[in-house]
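Undergrad: Any chance you can model this:
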Amino acid sequence: MWLNDELISDSAVNTYRKSLLNSCPNHIVIDDLFDTAKLDEVLKALQQPHHWKVQRHTYSELYVDDSQWENSNKDQRFVQRDSWQPERLNDNIAQDFLSFLRGDEFTSVLSRIFNVTITDMNVSDPSINTNYFRLSAADFVEQHADDSPGREVCMLLYLNKDWESNTGGELVFLGQDEQPISITPLYNRCVLFDPSSQGSEHWVKKLNTEQANQYRYNVTSWYWSE
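TA: Residues are numbered from 1 along each chain as shown. Below you'll find the predicted structure:
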């Protein structure tokens, strides 16, 4: 229901696998992996303004409150963005999609591409590892690494319609030999990468927009092996 079957065929997965192993960092970009009509419905749900709350991280501590943030040094702040936290989750297509991303069908696709068994068997709270985020021009995601023991895959899916090339918001991998890799956050573009691979440190370019209500939307999801 959610996936475009032709993009997860055996031949497609073999192509992804080869590309993954021959890139630095180990990553692939897949456009139109998901059903666009279904994602349109998800985006409508995300555009409701009352389901978003500010999330902040410092290099020394994640999920800091307002007081901790104000008392931290500016060079220690590496994330300020909104996270999706609806009060009611029942009968919500956006929540259905998050559940799909942690379900057997999608994790089996990741297992095939990365040649490792993806499972939530040893993850204490899988739900916090898959969520929607949005960035405004006032927000930022500075350089950081997503590696963690047992974490095999990071997925980023972008939900930005009619994204202009001068808007900013590109994902940038550190890459190799001082040659960063920049990826535009186009609608239904999926980025999969090994967070422990060389050059996988990354950041997001600031938005270049004067429109206070313009956001960069994405899903971020992390996956572990057995």
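Undergrad: For stretch 166-175, which outside residues touch it?
TA: The contact list for stretch 166-175 (Cβ atoms under 8 Å, 6 or more residues apart in numbering) reads 24-25, 27, 135, 143, 156, 160, 163, 180-185, 191, 193, 199-209, 214, 216. Backbone N, C-alpha and C define where each C-beta goes, glycine included.
Undergrad: Now, these that are in helices?
TA: Among these, no residue falls in helices (DSSP state H).
Undergrad: Please spell out the ChimeraX selection for the buried subset of those residues.
TA: The ChimeraX selection below is limited to those of those classed as buried (16 or more other Cβ atoms under 10 Å):
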select :24,25,27,135,156,160,163,181,183,184,185,191,193,199,200,201,202,203,204,205,207,209,214,216
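Undergrad: Narrow the contacts of stretch 166-175 to those in strands?
TA: Mapping these onto strands (DSSP state E) picks out 27, 135, 143, 156, 180-183, 191, 193, 202-204, 216.
Undergrad: Can you name the two of the residues you listed that sit furthest apart?
TA: Using Cβ to Cβ, the two most remote members of the ones in strands among the contacts of stretch 166-175 are His27 and Leu135, lying 20.3 Å apart.
Undergrad: and stretch 203-214, how far out from the chain's middle?
TA: Relative to the centre of its chain, stretch 203-214 is centred 17 Å away, using Cα atoms, centre = their mean, to the nearest Å.
Undergrad: Okay, buried residues for stretch 60-76 please.
TA: Within stretch 60-76, the residues scored as buried using 16+ other Cβ under 10 Å are Val64, Ser72.
Undergrad: Any idea how far apart the tips of that stretch sit?
TA: End-to-end span of stretch 60-76 (Cα to Cα, to the nearest Å): 7 Å.
Undergrad: what about Leu192, distance to Leu101?
TA: Noted for Leu192: a distance of 12 Å to Leu101, by Cβ to Cβ, to the nearest Å.
Undergrad: pLDDT below threshold where in this structure?
TA: Across the chain, the ranges flagged by pLDDT under 70 are 88-91, 211-212.
Undergrad: ok, which stretches of it are helices?
TA: So, for the chain - with DSSP H - the helices run 10-21, 36-46, 66-70, 93-101, 104-114.
Undergrad: The ones you listed: which one's closest to Asp82?
TA: So among these, helix 36-46 is nearest, using Cβ to Cβ, at 10.2 Å.
Undergrad: Would you mind listing the outside residues contacting the closest one?
TA: Contacting residues not belonging to helix 36-46 are listed as 1-2, 51, 84, 92-94, 97, 132, 134, 159, 161, 187-188, 217 [Cβ under 8 Å, 6+ apart].
Undergrad: Those: which two are farthest apart?
TA: Met1 and Arg134 (24.9 Å).
Undergrad: quick revisit: of the contacts of helix 36-46, buried ones?
TA: Buried among the contacts of helix 36-46 by 16+ other Cβ under 10 Å: Trp2, His51, Trp84, Ala94, Phe97, Tyr132, Arg134, Leu159, Tyr187, Asn188, Tyr217.
Undergrad: For the third one, which non-adjacent residue is spatially closest?
TA: Beyond its immediate neighbours in the sequence, the residue positioned closest to Trp84 (Cβ to Cβ, 6 or more residues apart in numbering) is Tyr132, lying 3.8 Å away.
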